[in-house]
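K.L.:
please work out how this folds:
(chains A, B and C)
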Amino acid sequence: MFSSLSFSPQLVLSQLVVGLVNGSFYAILSLGLAIIFGMLNVINFVQGALFMTGAFVGYFLLQLAGIDYLYALFLTPIIVAGIGFLIERFLLSRIYKIDHIYGWLLTFGLALMIESIFRQFYGVSGRPYPVPTWLRGTIDLGFMMLPIYRAWVILVSSIGCLATWYAIEKTQLGSYLRASTENPQMTRCFGINVPWLICITYCCGVGMAAFAGVLAAPIYQVSPLMGSNIIVVIMAVVVIGGLGSILGTIITGISIGLIEGIAKIIYPEGSHVIIFIIMAIVLIVKPTGLFGKRIR
Amino acid sequence: MKRKYLSLLMGISLFAQVNLNSISSALAADAGPVKIGVLNDMSGPYADLGGKGSVLAAQMAIEDFGGSVLGKKIELVSADHQNKTDIAANIARKWYDVENVDMITDLTNSAVAIAVQGISKERKKIDLVTSTATTALTNKECSPYGVHWTYDSYSLSNGPVRALIDKNKKWFFITADYTFGQNLQSTAAKMIKDLGGQVIGEAKHPLNATDMSSQILAAQASGADVIALANSGTDTSNTVKQANEYGITKKQKLASLLTVITDVHSMGLNNAQGLIFSEAFYWNANAGTRAWSEKFYKRHGAMPSMVQAGTYSAVMHYLKSVKAAGTANSDAVMAKMRATPVDDFAFKGAKIRADGVLDHNMYLYQVKSPSESKGPWDYYNLLATIPQGKTFQPIEESECYLVKK
Amino acid sequence: MKYLTYIIIGTVVLLAPFYFYPTILMQILCFALFASAFNLLFGYTGLLSFGHAAFFGFAAYISGFAAKEMGFTPEFAILSGALMGGFLGLAIGALAVRQQGIIFAMITFALAEVVYFICLRAPFTGGEDGLQSVPRGYLFGLIDLSSSLRMYYFVLAIFIISVLSLYRIIHSPFGQVLKAIRENENRAISMGYKTQQYKLLAFVLSAFFSGVAGATKTLVFQLATLTDVHWHKSGEVVLMTLLGGLGTFTGPWVGSAFVIALNDGLADIGEWVPFILGAVFVVCVLLFRKGIVGYIDLYLRKTGKQ
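P.N.:
This is a model prediction of the structure:
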C-alpha cells in the first residue's frame, strides 16, 4: 500500500495520466478483438500474441533493416495482417461450421505456439526499443513531467480509434460489415462477398494489434510475454464494453485504464483483479455488456 | 466394454513409448562421477546476472581443478528454472533422486533457493547458493548443508544505506513483490530506522514488470530524498531508465540495493551514472580479478558478475574440500569446507560461519559518468571497502537453529 | 478376453513404480483425475469451463495448509481440499450456469482470475513463493507416506476410487440427463427436467473431483504454487481432455499421460514443449476433435461390425 501518502492531487493526476496511456492501448487492442468477435463470432485469443509479434517485427525492422519507427508503424500492420490472412483462410475458416467455442481453443493453441517460438529465442525479459529521437523529451505538466512519447501514444490511439469508429459506422464498407454481422445470409443475397469481408475484417483486427505492438515497443520493451499479460485484460474490456458496440469498447478500454490507475493509488495489489471483478459482475447482471445491443 | 479396455491399453503403450528414457535412468547403477548442478534463471530477468555465464564459471572451475577428483570424473548439469518454484523443486528432486547429483549451486531467485535448500536438507545434499539475497537462507530456513555464498540482503543494504543516511532521511522503496524484494526491503528498512531515517512509502511491482511508470510517479509524489530499488536484473534497469525519462533524478537520488555490472552495461552509463550499490566482486579491482575475468570474457562475451565469480569460487572450494575429505559424503565435505578458508582471486580469506553465511568483504561502488569511463566495462569507482566481520548480520542475531542458544 | 486386459493393465499399473520415476506416475494420476473431472462437465454435459484451475489450485492450497499448519493426516487433508473445491464450485457454478456457451465460459474465466487473486494475496498461501515443505504425513496416522513407493499406491487408490465414482455418476440416470443436456438443452427442459439444477450439480461434482486431484498433487510434490491456479493450467486441462477424447471415459487419462510425458521427456528442449502442445491443440481442434481414445473407439467399432 502507499502508506503514509495522502491523496495528493499530484499523485492522483499522475496516476490518471499513466492510466490514460494504458487505457489507450486497451482501447486499440480491444477494438480489434471486438471487430473480429462481431464478424466471426470467435474470441480471437491470439490477439495478444499478434500484438507481441507486431512489437517484435518492429524490433526486427529496426535491428536488421534499419527501418525506423515511423515506417515500422505502417509496415508492421501489413506484415502481421498477412499472418492473419493465413490464420483466417487456412485455420479459422474451418471452424465456422462447428461450435464457435472451438475458435477460442484454436486461437489459444496458436497463441501458445507463437509465444513459445519467441520465448525460445528471446527468453522472457524484454529487449529495449529506443524512443524515436523526434519524440524524446518531456512536457512539464506541473504535477509531473510527461514523456512526450506517452502523449504521442494517447494522441495516436485516439486517432486510430476514431478512424475505426468512423470507418465502421459511417462508410459504405462499414455498413456492409455491419450487415454481414447481423445477417450474413441476407447480405450474401445482395451480392456482397461475405467470406471476403470476413477475411478483410480479421486482417484489419489483427493489423490493429500489430500497430499497437509497435506503439508499445518503446514503453513496454519488446518481450515475448507482452501478449499473454494483456490478452486477458482486453478480453475483459470487450466483454464489459459489450459485444457489437464499437463506441462502447473504446470508452470501456480507456475507462479500465483509468480505473486501474486509481486502483494503484488505493489498493495497488488489486489493480489487476478489479477488471475481472467488473467483468464477472457485468456478465452475471447484463451479459450483453454495458453498451451491448444483442446476445449472440 | 472390451473396446474401452483395448483403447486404454493402446493409450498406455503410447505413453510408454514416450517415456522409455525414464526406465533406463531409473535402472542405472549408482557408482558414477561427482555431479554438480547449476540451477538458475537462463531466460528471464536474471539471465545475465547468473544464467549461462554461471554455468561457464562452474565449467571453468572444474577445468582449473583438473576435471576429476578422487579418481572419478566431474560432471556438470544445468537447467533453467524459469523463476518458477515448482519447476525448480521438480528439477532438484529429479537431479538428487534419479541423476545422483551431489551438489547444486547458483539458485538465482530467493523463493527457488529456499525451496531447493529445503529439498537438499532433507536428502543431506550440499547446496551452495551463489546468488539470491534472502536472509531467510541463514535464518529460519538455514541448513547444515547450505552455504549462502556471494551476498545477502543485509550485506547489500549495509553499504548504500550507511553511505546515504547522513544527508538523506526520507526513503521510498520500489520493490519486486515476492520474497526477494520483500526481504531486501525489510532488511534495508530496519537499517534505515536504526540509523535515524524514515521510510515514507513503498510501491511494489510484480517480478519482470516492464512499465514502472506508476511506481516511479508515486515515488516522485512522495517527496522522498532517496528512492531505494529493492529489485534486480532487468527490473532495476527498467526502473532506472524510466526514472530518467520522467526526470526523477533531477530532484531525488536513486539507490539500488542489488545491481551487477551486466545491469549497468544494459542501462548504459548515461542512465546509470552516480548510482551507488554494494558488490562482492568487480572484474577490474586488481590483477587477480582482471586475469580471471579476461579468460571469462573471451568465452562468454561479457565481463563476469559477482554471481558468476561466486559460482566459480564455490565450485572450486567444494572440489578442493572433496579431495581433502577423501569422499563425496556431504557431512565430511561440509566439515572440510568450514575448516578451510576460501582461497581464490575473488573471496580470499572468506570463512563459512555456523549459520551458513560466507563471511567476506563487500565493496561500495559508484557508477562512473560517461566521461570518466576509459573503455567498455570500465564502470565503477570504489567508494569504500566493508571488511569481513562487519558485512553480514551479526551471528548473535541469527535465527538459525544451528546457532541459536 | 476382458479378464486378460484387466490383468495386463493391473500388472502394468502395480509394477510401474519400479520401472518409471514414481513422481511422474503420480503426476499423471493426479492430472488424469483432474481431466476426468473436467470431462464430466465438458465432455458429458457440454459446458466448457475456462477456469477449472481455480478448483484444482484452491484445493491444492487448502490441503497443503491443512497438512502443514493444521497437522491433518493425508486423507483428511485431501478431503478438506476437495470439499473446499466443491464449495468453490457451488459458489462459482451458481453464478455461471444461468448463462450458456461462451458467456458461461467467460464467467468461469473471470471468477477463476478472482480466485487467483485471492490465492496470491491470502497470507496462508505464501503468495509468489508458494506453500512449501508440505509434509506427507502418516496415512490414517499409521503408514508413513514419505516413501515414494507407498505414496504411489496411496495415490493410485485415490485415483481408482475417484474414477469408479465418476463412472457410477456417468452411467446413471443422472448421467443420462447430463448427456441429454449436452445434446439439446431445450429438449431436456421441455421434457420436464430442471436443467439448471442438473448443470449446477455436475459443476459441483466436477469441482469436487478436480479438488481431489489438486489436493493429492500437493502431497505428492509437497508444494502448492500459483501455477496451480493460473489460467494456463485451465487451458492445459482442456487440452488433455480434448486430446485424449472428449466424452470418452478413458480419454482424459491418455491425454494427460501424453501431455505430462511430453513435458518431462522433452524438458531439455525447453520452449519447444509449449509449442508442440499448442500445435497439438490446433490440430486437435481442426482435425482430431474426437481425441485419441475417441478415434480408437471409432476404429474398433468399424472393424467390429465387419
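K.L.:
gap between the host helix or strand of B:Ala219 and the chain center?
P.N.:
Using DSSP states H and E, B:Ala219 falls within helix B:213-222. Offset of helix B:213-222 from its chain centre (Cα atoms, centre = their mean, to the nearest Å): 28 Å.
K.L.:
dump that helix to CSV, restricted to CA.
P.N.:
What follows is helix B:213-222, C-alpha atoms only, in CSV (Å, rounded to 0.1, in the frame of the first residue of the first chain):
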residue,chain,number,x,y,z
SER,B,213,5.6,4.4,-14.5
SER,B,214,3.1,4.3,-11.7
GLN,B,215,5.7,3.2,-9.1
ILE,B,216,8.1,5.9,-10.2
LEU,B,217,5.4,8.6,-10.2
ALA,B,218,4.3,7.5,-6.7
ALA,B,219,7.9,7.8,-5.6
GLN,B,220,8.1,11.3,-7.0
ALA,B,221,4.8,12.4,-5.4
SER,B,222,6.1,11.2,-2.0
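K.L.:
pull up the pairing partners for the next helix or strand after that helix, direction included.
P.N.:
Following helix B:213-222 in sequence order, the next helix or strand is strand B:226-230 (DSSP H and E). Within its sheet, and counting by DSSP bridges, strand B:226-230 is paired with strand B:170-176 (parallel), strand B:253-256 (parallel).
K.L.:
reformat those strands as CSV; add mean neighbour count.
P.N.:
Using the backbone N, CA and C atoms, a C-beta is placed for each residue, glycine as well. What follows is the strands paired with strand B:226-230, written out as CSV (neighbours: other Cβ atoms under 10 Å in any protein chain shown):
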stretch, mean neighbour count
strand B:170-176, 25
strand B:253-256, 23
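K.L.:
would CSV of those with distance to B:Ser266 be doable?
P.N.:
CSV is the format used below for these (distance: least, Cβ to Cβ, whole Å):
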stretch, distance to B:Ser266
strand B:170-176, 17
strand B:253-256, 13
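K.L.:
could you tell me the least trusted of those?
P.N.:
With a mean of 90, strand B:253-256 has the lowest mean pLDDT of the strands paired with strand B:226-230.
K.L.:
which residues are in contact with B:Met316?
P.N.:
By Cβ atoms under 8 Å, 6 or more residues apart in numbering or on different chains, the contact set of B:Met316 is B:61, B:64-65, B:344.
K.L.:
sticking with it, tell me its helix or strand.
P.N.:
Using DSSP H and E, B:Met316 falls within helix B:306-325.
K.L.:
helix, strand, or coil at the residue in the stretch 201-350 of chain B positioned nearest to chain C?
P.N.:
The nearest approach of the stretch 201-350 of chain B to chain C comes at B:Leu207, 7.1 Å away (Cβ to the nearest Cβ). Following DSSP: H, G, I helix; E, B strand; the rest coil, the label given to B:Leu207 is coil.
K.L.:
the one 3 residues further on now?
P.N.:
At B:Thr210, secondary structure determined by three-state DSSP is coil.
K.L.:
how close does it get to A:Val222?
P.N.:
Applying Cβ to Cβ, to the nearest Å, the value for B:Thr210 to A:Val222 is 9 Å.
K.L.:
what is in contact with these two at once?
P.N.:
Taking Cβ under 8 Å, 6+ apart as the contact rule, B:Thr210 and A:Val222 both touch A:Gly126.
K.L.:
these two: who's more crowded?
P.N.:
Using other Cβ atoms under 10 Å in any protein chain shown as the criterion, B:Thr210 and A:Val222 rank with A:Val222 on top: 27 against 21.
K.L.:
what sits against that one?
P.N.:
A:55-56, A:58-59, A:126-129.
K.L.:
what's the angle from the helix holding B:Ala219 to strand B:226-230?
P.N.:
Interaxial angle, helix B:213-222 versus strand B:226-230 (axes from the mean of the first three to the mean of the last three Cα atoms, to 10 degrees): 150 degrees.
K.L.:
residues in the stretch 51-200 of chain B within reach of chain C, list them.
P.N.:
Selection of the stretch 51-200 of chain B residues close to chain C by Cβ under 8 Å from any Cβ of the partner chain yields B:79-80, B:84-86, B:89-90, B:93-94, B:97-98, B:110-111, B:114-115, B:118, B:177-179.
K.L.:
kindly recompute the last result at 7 Å.
P.N.:
Contacts of the stretch 51-200 of chain B with chain C, taken as Cβ under 7 Å from any Cβ of the partner chain, map to B:80, B:84-86, B:89, B:93, B:98, B:111, B:114-115, B:118, B:177-179.
K.L.:
chain C: helices as residue ranges?
P.N.:
Per DSSP state H, chain C carries helices over the ranges C:2-19, C:22-39, C:53-68, C:74-96, C:101-121, C:148-170, C:173-183, C:185-190, C:195-221, C:231-244, C:251-265, C:272-287, C:291-305.
K.L.:
please apply the same query to the stretch 1-150 of chain B.
P.N.:
Ranges of helices within the stretch 1-150 of chain B are B:2-18, B:20-27, B:51-65, B:85-97, B:110-122, based on DSSP state H, counting those that start in this stretch.
K.L.:
what about the helices in the stretch 251-400 of chain B?
P.N.:
Counting by DSSP H, counting those that start in this stretch, the helices of the stretch 251-400 of chain B are B:261-267, B:269-272, B:287-300, B:306-325, B:330-339.
K.L.:
scratch that, the stretch 1-150 of chain A
P.N.:
Under DSSP H, counting those that start in this stretch, the stretch 1-150 of chain A gives helices at A:9-40, A:47-65, A:69-86, A:101-122, A:148-170.
K.L.:
what does the stretch 1-150 of chain A have sitting close to chain C?
P.N.:
So the stretch 1-150 of chain A meets chain C at A:43, A:91, A:94-95, A:101-102, A:105-106, A:108-110, A:112-113, A:116-117, A:119-120 (Cβ under 7 Å from any Cβ).
K.L.:
hmm, which of these are the buried ones?
P.N.:
A:43, A:91, A:95, A:101-102, A:105-106, A:108-110, A:112-113, A:116-117, A:119-120 (16 or more other Cβ atoms under 10 Å in any protein chain shown).
K.L.:
pick the one among the residues you listed closest to C:Ile102.
P.N.:
Of all these, the one with the least separation from C:Ile102 (Cβ to Cβ) is A:Ile101, at 5.9 Å.
K.L.:
chain neighbours aside, what residue packs nearest to A:Ser24?
P.N.:
Closest residue in space to A:Ser24, ignoring its immediate chain neighbours: A:Ser157 at 3.5 Å, by Cβ to Cβ, 6 or more residues apart in numbering or on different chains.
K.L.:
now do the buried residues in stretch B:159-169.
P.N.:
Neighbour counts using 16+ other Cβ under 10 Å place B:159-165, B:168-169 of stretch B:159-169 among the buried residues.
K.L.:
can you check stretch C:157-174 too?
P.N.:
Quick answer for stretch C:157-174 (16+ other Cβ under 10 Å): C:158-159, C:162-163, C:166, C:169-170.
K.L.:
contact residues of the stretch 151-300 of chain C facing chain B?
P.N.:
Taking Cβ under 7 Å from any Cβ as the contact definition, the stretch 151-300 of chain C meets chain B at C:221, C:223, C:225, C:227, C:249-250, C:253-254, C:257-258, C:261-262, C:265, C:270, C:292-293, C:296-297, C:300.
K.L.:
buried subset of those?
P.N.:
Neighbour counting by 16+ other Cβ under 10 Å classes C:221, C:223, C:225, C:227, C:249-250, C:253-254, C:257-258, C:261-262, C:265, C:270, C:292-293, C:296-297, C:300 among those as buried.
K.L.:
can you tell me which of the helices of the stretch 1-150 of chain B the model trusts least?
P.N.:
helix B:20-27 - the lowest mean pLDDT of the helices of the stretch 1-150 of chain B, at a mean of 41.
K.L.:
would you put the C-alpha positions of stretch B:86-96 in CSV?
P.N.:
What follows is stretch B:86-96, C-alpha atoms only, in CSV (Å, rounded to 0.1, in the frame of the first residue of the first chain):
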residue,chain,number,x,y,z
ASP,B,86,7.6,-25.8,-8.7
ILE,B,87,9.7,-26.3,-11.8
ALA,B,88,12.9,-25.7,-9.7
ALA,B,89,11.7,-28.1,-7.0
ASN,B,90,10.9,-30.8,-9.6
ILE,B,91,14.3,-30.4,-11.2
ALA,B,92,16.2,-30.5,-7.9
ARG,B,93,14.3,-33.6,-6.8
LYS,B,94,14.9,-35.4,-10.1
TRP,B,95,18.6,-34.4,-10.0
TYR,B,96,19.0,-35.8,-6.5
